[in-house]
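>>> how does the following fold in three dimensions:
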Amino acid sequence: PETPSPRVLGVLGGIASGKSRVARRLAGQEGWVIDADRLAREALREIPPALLERIGAGLSQLPDPALRAALARRVFEDPQARALLEDWIHPRVRERILAVLAEAEQQGVPRVVLDIPLLLENEAQHGLVARCHHLVFVDAPRVERERRAIEHRGWEPGEVERREATQLPLEEKRARADFVVDNSGSLEELDAAVDRVLTQVGL
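Predicted coordinates for the structure are as follows:
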């Protein structure tokens, strides 16, 4: 008999809303999470030094994670630098995502969760939204997300808002979702909310 295809769930939400925790919970022990940020970090290690220098002078001399921080600052300040980086990195990340999906199918993985920050924004390039059976939006208050980004990521105040200004509005992401998970309470409440979604979709 044919191996059933995995159920694919896409996770949406603002920066520092708790998407990664929700993705892991949705996947459970048998499922896989495809983490685009991790794939991008891996791809970044292979970026040619000459391209790094075109994006910003001196970048090729920096060790990771100082390089990631400097690159993030550079590309959010300069649209041309951002375009150079994205033109190089996005195709490679897409290729890896599709390879993992194909492998999940081969291995009969029951469900795959896409933790991809620009899932909706880059739909025209990757076509992954069409492969999702359900989209889950993680809702968390802006003030709380800002606090987490400053505390856990070392970001400057206002950085969350600055970065989100380059993405689709959160209201639009929320409207596109099949389910909304509230992450304004405790982690236990969040886990319980995710479990309710799994029950509703029959997983």
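>>> this protein: helices as residue ranges?
19-27, 36-44, 49-55, 66-77, 79-107, 123-126, 142-153, 159-164, 170-176, 187-200 (DSSP state H).
>>> just name the most buried of these.
helix 19-27 (a mean of 22; mean count of other CB atoms under 10 Å). Every C-beta, even on glycine, is put in place using the N, C-alpha and C of the backbone.
>>> residues in contact with that one: which ones?
By CB atoms under 8 Å, 6 or more residues apart in numbering, the residues outside helix 19-27 that reach it are 9, 11-13, 33, 35, 111-115, 117, 136, 138, 181, 183, 187, 190-191, 194-195, 197-198.
>>> repeat that for 7 Å
Contact with helix 19-27 is made by 9, 11, 13, 33, 111, 113, 115, 136, 138, 181, 190-191, 194, 198, as judged by CB atoms under 7 Å, 6 or more residues apart in numbering.
>>> need the helix or strand of this protein with the lowest average pLDDT.
helix 66-77 (a mean of 85; mean pLDDT, DSSP states H and E).
>>> just want the angle from that one to helix 36-44.
110 degrees (axes from the mean of the first three to the mean of the last three CA atoms, to 10 degrees).
>>> turn the helices of the chain into TSV, including distance to Ser5.
Listed next are the helices of the chain as TSV, based on distance: least, CB to CB, whole Å:
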stretch	distance to Ser5
helix 19-27	16
helix 36-44	21
helix 49-55	37
helix 66-77	34
helix 79-107	6
helix 123-126	18
helix 142-153	34
helix 159-164	33
helix 170-176	22
helix 187-200	18
